[in-house]
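In: got a sequence here, can you model it:
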Amino acid sequence: MEKHRLVFVLPNLSGGGAARVASILCGEWIKAGHEVHLVTYEELDTASVYPLDDRIVRHQIGASVSPRGLLGFAGNNARRVFRLHRVFRCVRPTAIISFLDEANICTVLAGTTLGVPVLISERSHPALHLSAPLRMAARKLIYPRASLLCVQTRDVQNWYASNLNIKACVIANPAQPAETRGSLGRAPRERRYALSLGRLEEEKGFDRLIDAFATIAAEVPDWDIVIHGEGSLRHELEQRIEQYGLQERIRLPGHTDAPLDALAAADLYLHTAKYDGFPNAILEALAADLCVIATDSPGGTREILQDGRYGILVSTDDTPALAEAMHHVMNDEDLRKDYADKARNAVDIYAPRAIAARWIDEIDRLRAQCQSRAGTIKGRNHNN
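Out: Numbering: from 1, shown residues only. From the prediction side, this is the model:
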């Protein structure tokens, strides 16, 4: 297998599913013998929330926040393109990969003149996670210039084909290796807890999770809720919890640096998003042998749970149905065990090594196409 010099671009490593996936993929590529350079818009010496292999070369190019207004947006993105191009020219990669539209647009502009494959990836549903109008217009204009657009679900793949006439490739997120499952075990204790992971933002639906639990809290007195994450809605969610008098039953301890440990110790996983790209937390919950209750939101949830085979799906906007499912599962240990026993079967196809190899397969295919075209052009010039 050819060894590659890869450059991976994303806005930051301060948290979120995209950064977590990036850290996993880069680590797998390093293990496979590839050289990996990780580029972010962060200021120099900004630490990563997620652990990174020491062999990954970090490039922090600054320009993380655009000044207000059209001129500020344009100027900052021009600076990003210039600095990215400078890194690309210095590293001389065999392929460039980018996550999130904020990085994708600048990466395509900076990299498509270098004669190497430029692969970009959307990490949310473009029909629901609306970017700023300028960025949306730039995406429509610039994405077709990338060598390949990679998405996480067939749903998003179909959206790009229908709306932007772009043929996208589906590559799912990786789940943690099998050896991490249940690493801490679930210690016997008087109280049980249901866990949820995610940013404290509107799309994660934690308001409806709180509302649903409030209706059944008295009937499941030995259960608590723990929501790990940070975001702009913290104060609003804390007020909601206080209004229900559930401060001792619903906890918001903030971001966790050890999500796998939290999952391994939980008794149930709750995913209440209103929309998603490809919820990696569900994969990790399944990998930790957890029963999962999830809203059937647009994105990859139904695909991961295989239409309810590996987890319980409830309608996205139906808070009473969510409450009923929680009540039923919290009171039925055999049902939780049944789903937990099946969970590991759902994640085997998402092993990090296999998903990382899928990206390399696409890179090899694109490089072969480039070499074939170059050979054809050379032959025509020779004949002329």
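In: how far does stretch 155-163 sit from its chain's centre?
Out: 18 Å (Cα atoms, centre = their mean, to the nearest Å).
In: residues contacting stretch 213-229, please?
Out: 190-200, 204, 206, 209-210, 237, 244, 246, 248-256, 259, 262, 266-267, 270, 320, 323, 326-327, 330-331 (Cβ atoms under 8 Å, 6 or more residues apart in numbering). Placement of C-beta: from N, CA and C, glycine included.
In: mind checking which of those are in helices?
Out: Judged by DSSP state H, the contacts of stretch 213-229 include Phe206, Leu209, Ile210, Leu237, Pro259, Ala262, Pro320, Ala323, Met326, His327, Met330 as members of helices.
In: got a list of what the nearest residue to Ser98 once chain neighbours are set aside touches?
Out: Leaving aside its chain neighbours, Ser98 sits nearest to Thr107 (3.8 Å; criterion: Cβ to Cβ, 6 or more residues apart in numbering). By Cβ under 8 Å, 6+ apart, Thr107 lies in contact with Val9, Leu84, Ile96, Ser98, Val118, Ile120.
In: one more: Asp332?
Out: Per Cβ under 8 Å, 6+ apart, neighbours of Asp332: none.
In: tell me where the model's unsure across the protein.
Out: Residue ranges of the chain with pLDDT under 70: 1, 66-67, 69, 128-132, 176-189, 373-384.
In: strands of that one, start to end?
Out: Residue ranges of the strands in the chain, as given by DSSP state E, are 5-9, 35-40, 57-60, 95-99, 118-121, 148-151, 169-170, 192-197, 223-228, 250-251, 268-271, 292-295, 312-314.
In: mind listing what's buried along the third one?
Out: When you say that, I think you mean strand 57-60. His59, Gln60 (16 or more other Cβ atoms under 10 Å).
In: that strand pairs with which strands?
Out: Here strand 57-60 has these sheet partners by DSSP bridges: strand 35-40 (parallel).
In: before we move on, the earlier item: between the contacts of Thr107, which is nearest Leu366?
Out: Nearest to Leu366 among the contacts of Thr107, counting by Cβ to Cβ, is Val118 at 8.9 Å.
In: alpha carbons only: can I get stretch 289-305 in PDB?
Out: C-alpha atoms of stretch 289-305 as PDB (Å, rounded to 0.1, in the frame of the first residue of the first chain):
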ATOM      1  CA  ASP A 289     -22.900  -1.800  25.300                       C
ATOM      2  CA  LEU A 290     -25.700   0.700  26.100                       C
ATOM      3  CA  CYS A 291     -29.300   0.700  25.300                       C
ATOM      4  CA  VAL A 292     -30.100   3.800  23.300                       C
ATOM      5  CA  ILE A 293     -33.300   5.900  23.000                       C
ATOM      6  CA  ALA A 294     -33.000   8.400  20.100                       C
ATOM      7  CA  THR A 295     -35.200  10.800  18.300                       C
ATOM      8  CA  ASP A 296     -35.700   9.900  14.600                       C
ATOM      9  CA  SER A 297     -34.300  13.100  13.400                       C
ATOM     10  CA  PRO A 298     -32.900  13.900   9.900                       C
ATOM     11  CA  GLY A 299     -29.400  12.700   9.600                       C
ATOM     12  CA  GLY A 300     -27.800   9.400  10.300                       C
ATOM     13  CA  THR A 301     -29.600   8.100  13.500                       C
ATOM     14  CA  ARG A 302     -32.000   5.800  11.700                       C
ATOM     15  CA  GLU A 303     -29.200   4.400   9.600                       C
ATOM     16  CA  ILE A 304     -27.000   3.700  12.700                       C
ATOM     17  CA  LEU A 305     -29.800   2.100  14.600                       C
END
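In: give me the buried stretch members for it, please.
Out: 289-302, 304-305.
In: so how far is Ile120 from Ala95?
Out: Shown here: Ala95 relative to Ile120, a distance of 12 Å by Cβ to Cβ, to the nearest Å.
In: neighbour-wise, which of the two wins?
Out: Neighbour totals were compared for Ala95 and Ile120, and Ile120 leads with 28 against 24 (other Cβ atoms under 10 Å).
In: gap between the more buried one and Gln243?
Out: To Gln243, Ile120 is 43 Å away according to Cβ to Cβ.
In: do the same with Met330
Out: 22 Å.
In: neighbour count: these two, which is higher?
Out: More crowded of Met330 and Gln243, by other Cβ under 10 Å: Met330, with 22 against 10.
In: skipping adjacent residues, who's closest to that one in space?
Out: In space, Met330 is closest to Val220, 4.6 Å off (Cβ to Cβ, 6+ apart).
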